[in-house]
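Colleague: Could you look at this predicted model? Sequence included:
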Amino acid sequence: IEPFSESYFPIFDRWLQKYNIPLNDSNYYPFYFVYALLTGPRRGELLKGRRVLVVNGAQGDDKRKIIAGLKREGVAKVLWCAISLKRSLYDSIDMAPFVGKVDLALVGAGIGKVNILLQMEELKVPCIDAGYVFEVWKDPNNKWKRVICASDDDWYEREVKE
């Protein structure tokens, strides 16, 4: 396997140091955990009945598919904060309209997530970098392209069909 995100760590580490952010087990979780959290059998415990803010650059049909995916999971309300598709590291967003109106925020901002998540602090709700999970909500077949995005039931169904 060729290295992927490892090549970005020196830049990320300098950013952490610049803002005096310690990297420890109180603020860092392995990213595959998020896939399991948002696509696994207990996802309803997190999503069902919640008012969810999506911070993402998707537009048109992709945006509609993400919202529909969240609604299928039982989300009570989806609010949307648009960011740029390719330059989210430089985006400035206004969270004031969402303060007190959401229970959870899901971010899909690529490398710009560090900039975006800092700006979301005033929400005072969990803010999760959902990244690839948005791709699964846009097209459920994408669950087969990343580890832990397909549930045990999905795997069983797939095996039975084959």
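Modeller: Yes, it's here.

Colleague: For Asn115, see how far away the most centrally placed residue in the chain is.
Modeller: Compute the mean C-alpha point of the chain, and by C-alpha atoms, centre = their mean the closest residue is Ala130, 1.2 Å away. Separation of Ala130 from Asn115 (C-beta to C-beta, to the nearest Å) stands at 16 Å. All C-beta spots, glycine's among them, are computed from the backbone N, C-alpha and C.

Colleague: ok, which stretches of the protein are helices?
Modeller: Taking DSSP state H as the criterion, the chain contains helices spanning 9-18, 32-39, 43-47, 60-72, 113-119, 133-138, 152-161.

Colleague: For Ser84, which of those is the nearest?
Modeller: Smallest distance to Ser84 across the helices of the chain (C-beta to C-beta): 10.3 Å, for helix 113-119.

Colleague: buried set for that closest one?
Modeller: Neighbour-count burial for helix 113-119, counted by 16 or more other C-beta atoms under 10 Å, picks out Lys113, Val114, Asn115, Ile116, Leu117, Gln119.

Colleague: So what's the gap between it and the chain middle?
Modeller: Taking C-alpha atoms, centre = their mean, to the nearest Å, one finds the center of helix 113-119 at 12 Å from the center of the full chain.

Colleague: which residues are contacting that helix?
Modeller: Applying C-beta atoms under 8 Å, 6 or more residues apart in numbering, the external contacts of helix 113-119 come out as 12, 15, 55, 83, 88-93, 95, 107, 109, 127, 129, 131.
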